[in-house]
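Trainee: turn this into a model:
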Amino acid sequence: MALTDDIKQQIQQSYREVLAGKGIKARYGQRLMIAEIARYMGEITENDGLRTSPPAACVVEAGTGTGKTLAYLIAAIPVAKALGKTLVISTATVALQDQIVLKDLPDLKKHSKLDFSWTLAKGRGRYLCMSRLEARLHDEGNTDNDTMPLFLLDGPQGEEPGTRAFFEEMLASYGSRDWDGDRDHWPEQIPDDVWRQVTTDHRQCTNRHCSYFDSCAFFDARKDLDDADVIVANHDLVLADLALGGGAILPEPENALFIFDEAHHLPDKALNHFAASVPLNATRQWLKQLSQALTKMQPYLAPGTQGAKALEKIGSASREVDLALGKVYEDAEENTGWEFNEERRTAQWRYPEGELPEGLAELAAEARIATANLVRQLGVLNDELQAAFDDRKEHDIDRDTAEAWFPVIGSFHSRAEDQLRLWAAWCEQTGNPKTEEQSDAESGEQPASVKSYKSPAPARWSVKQRWDHAEDITLFSSPVLADNLLFSRLWSRTFGAVLTSATLTALGRFDRLRSRAGLPEGSRYLVVPSSFRYGEMATVEVPSMRALPTDDGFGDALVERLPDLWAGEKATLVLFTSRRQMQQVRDALAPEYPDLIVTQDDMAKGEVLKQHCQRVDEGRPSVLFGVASFAEGIDLPGKYLHHVVITRLPFSVPDDPIEASLAEWVTLRGGNPFMEITVPDASIKLVQAVGRLLRTENDTGRVTILDRRIVARRYGQLLLDALPPFRRIIER
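Mentor: Take a look at the predicted model:
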């Protein structure tokens, strides 16, 4: 379906109406982006509804000031409606999700004649579960806890005063419809341990069988999903849906057009989503909780019934898992070359090329078999409890028992499945070159003179932690690249996908994103030119420094240099790569400069920014100290930020096991990990950090880089050239 004149007209007319309605001028970059997205979507199919072109994505890098949200909405909504597809907009942050739902979409609808509906989609864990809230309150006032097992799993051992009042307030607010049950819409931040007590997951939810189904916050929010033209989701929810096969929560990928905003986060989010871990001692403690739950549940199940038999088998299976975990712990404890970091009280060990020692691999296989059996038996009991909700059939378990115990067993089942993911990942063949050569030799074939390293082995590592009265070893596994996962589950299936962000290129190229996200061969790429006049608006300065970041005296050099740099400035942001160094520099300077410096650790992020802006409004100077999250996620336009100081080039931490595994793979392929991974990654982070300075076309200011490696090392020129074209002032 090439774009029809009617759709082109609709897009152009809508754009004109929005510009006129909001009293803003057309931007060249915005128009380019609208045209590129509309053209891409129009070429996906020749027959309405079926993708006839090969898989391909449209990738658009558009910097601050482009107005990219408006661009993709105006381009995509008319095309998606004409094709009969749902437009799914996915963001990396709740803040952007809310901005699109509460501001951008209503704005577009108000100022254009486009007719469309939209809804917000979040995971079940963001919503209140009334059944759990009621049980939480019941549990507090009930001394005979045997009758109310729901909080056996995660109820606090000694509640702080006022907790009951808090839950009662929650119930009253939801009952009066002052609150919609969305965690993000509660006036204050709710701590994770408190929220876990009143939310649920798909394993614990009884769905239509729940007595609160008709007033359920989650299902209430989901009602509009099937009918909405536009669904605003987030990367985690999209990935969760894909892990369930696609179409379980969101529309099937084949019937959706995706727009991934903040798309540079997608590969890392995918890695996190498909990673797995098992803390060995904590899991053995959890097995004791399971045993206690089984003992309490036994009186509710008649002897000889399927439920009672399943209960016995679960008990036996959990003992097998406990034995297997004990053996794994002993082996990992004795046969690993732990080197303790006393300050962090941890030691980490990565298994090169993902290869486990033979003994540990055998024990992992035993743990996998035992855990798979536990998952299976918990599943049987889960099914028995679920069947008891069907009032049309006679059942061994009464409904009250099922309602009380289904969430408990569901929670155990869910956690056992998570553990099984780790053991399954640890038992997968790595397909490393040694194994391939051995199998070639066994089959009589000659190994290829040049080995093929198509994709890296998974990263596998262990972490040993010490506390005052306990210690634990946690086992981890993660894919090293998300390319195959994203290609097989998303790009090859979806009707179409647009990826956009201010930072998608590294060192001026899309290669990094293409390889990490597994983008299809036929994808198209565009860098939208910025409307900013960088050379007139700002400078990038590299002053002389008496030490490099690799020198011992670098912290002292920062303490010496920073006061000169913020002197005479009203609003300065100083970015560090190490929290520890940030605190040391603050401690050294704060006594001399009281009421000037505020660090991002002093209070909640929003409060830090509010305090900074308040000082500037009062005409007082303010200096913000921050680390990585302040290098990307803050917006301080105009007078609120005039100077960004970057203390050190943002090279990634060398002990990250996934990055180390990726570097190992690049080396095996004959590449240079520093130039192929470390420098491009640092370039993206540096561009993001520098991007804090200019937020509107009227902003001005300067960026100071205190890491002389940017002019003293060969790679420094690459990093400098990837920055916006500021006027450069470099002291020799």
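Trainee: now the host helix or strand of Ala365: buried residues?
Mentor: Secondary structure from DSSP states H and E places Ala365 in helix 358-387. Within helix 358-387, the residues that count as buried by 16 or more other C-beta atoms under 10 Å are 360, 363-364, 366-368, 370-382, 384-386. C-beta here means a position set from N, CA and C on the backbone, and glycine is covered the same way.
Trainee: what number of residues lie near Thr305?
Mentor: 14 (other C-beta atoms under 10 Å).
Trainee: for it, what are its contacts?
Mentor: Residues counted as contacts of Thr305 (C-beta atoms under 8 Å, 6 or more residues apart in numbering) are 396-397.
Trainee: what's the answer for Ala62, then?
Mentor: 29, 33, 68, 71, 500-502, 528.
Trainee: kindly report the same for Val644.
Mentor: 572-573, 575, 689-690, 692-693, 701-704.
Trainee: distance from the helix holding Ala365 to the middle of the chain?
Mentor: 28 Å (C-alpha atoms, centre = their mean, to the nearest Å).
Trainee: so which of the contacts of Ala62 are in helices?
Mentor: 29, 33, 68, 71 (DSSP state H).
Trainee: JSON lines for those residues, including distance to Glu394?
Mentor: Formatted as JSON lines, the ones in helices among the contacts of Ala62 follow (distance: C-beta to C-beta, whole Å):
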{"residue": "Gly29", "distance to Glu394": "68"}
{"residue": "Met33", "distance to Glu394": "62"}
{"residue": "Lys68", "distance to Glu394": "60"}
{"residue": "Ala71", "distance to Glu394": "61"}
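Trainee: three-state assignment of Leu526?
Mentor: For Leu526, the assignment made with DSSP: H, G, I helix; E, B strand; the rest coil gives strand.
Trainee: if I look at it, what pLDDT would I see?
Mentor: Looking at Leu526, its pLDDT stands at 97.
Trainee: cool, Lys393 as well?
Mentor: Reading off the model, Lys393 has pLDDT 73.
Trainee: please apply the same query to Glu140.
Mentor: 61.
Trainee: mean pLDDT per helix and strand in the chain: which one sits at the bottom?
Mentor: Lowest on mean pLDDT, DSSP states H and E among the helices and strands of the chain sits helix 433-442, with a mean of 38.
Trainee: what helix or strand does the closest residue to Val480 other than its chain neighbours sit in?
Mentor: Of all residues not flanking Val480 in the chain, Pro456 sits nearest, at 4.1 Å (C-beta to C-beta, 6 or more residues apart in numbering). Per DSSP H and E: Pro456 is located in neither a helix nor a strand.
Trainee: follow-up on the earlier one: and the ones in helices among the contacts of Ala62, which is closest to Glu428?
Mentor: Lys68 (39.3 Å; C-beta to C-beta).
Trainee: wait, that closest one touches Thr500, no?
Mentor: Yes. If you go by C-beta atoms under 8 Å, Lys68 and Thr500 touch, sitting 5.5 Å apart.
Trainee: overlap in contacts, those two.
Mentor: By C-beta under 8 Å, 6+ apart, the residues touching both Lys68 and Thr500 are 33, 60, 62, 261.
Trainee: surely the second one is within a strand?
Mentor: Which is Val60. Yes. Counting by three-state DSSP, Val60 is located in a strand.
Trainee: what sits against it?
Mentor: When contacts are counted by C-beta under 8 Å, 6+ apart, Val60 touches 33, 36-37, 68, 498-500, 504, 525-528.
Trainee: with distance to Leu244 and neighbour count added, can I get those in CSV?
Mentor: Formatted as CSV, the contacts of Val60 follow (distance: C-beta to C-beta, whole Å; neighbours: other C-beta atoms under 10 Å):
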residue, distance to Leu244, neighbour count
Met33, 32, 27
Glu36, 32, 22
Ile37, 28, 27
Lys68, 30, 24
Val498, 23, 24
Leu499, 22, 25
Thr500, 26, 25
Leu504, 28, 22
Tyr525, 31, 18
Leu526, 33, 20
Val527, 35, 16
Val528, 35, 22
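Trainee: residues in contact with stretch 518-525: which ones?
Mentor: 36, 40, 53-60, 481-487, 491-492, 499, 510, 513-514.
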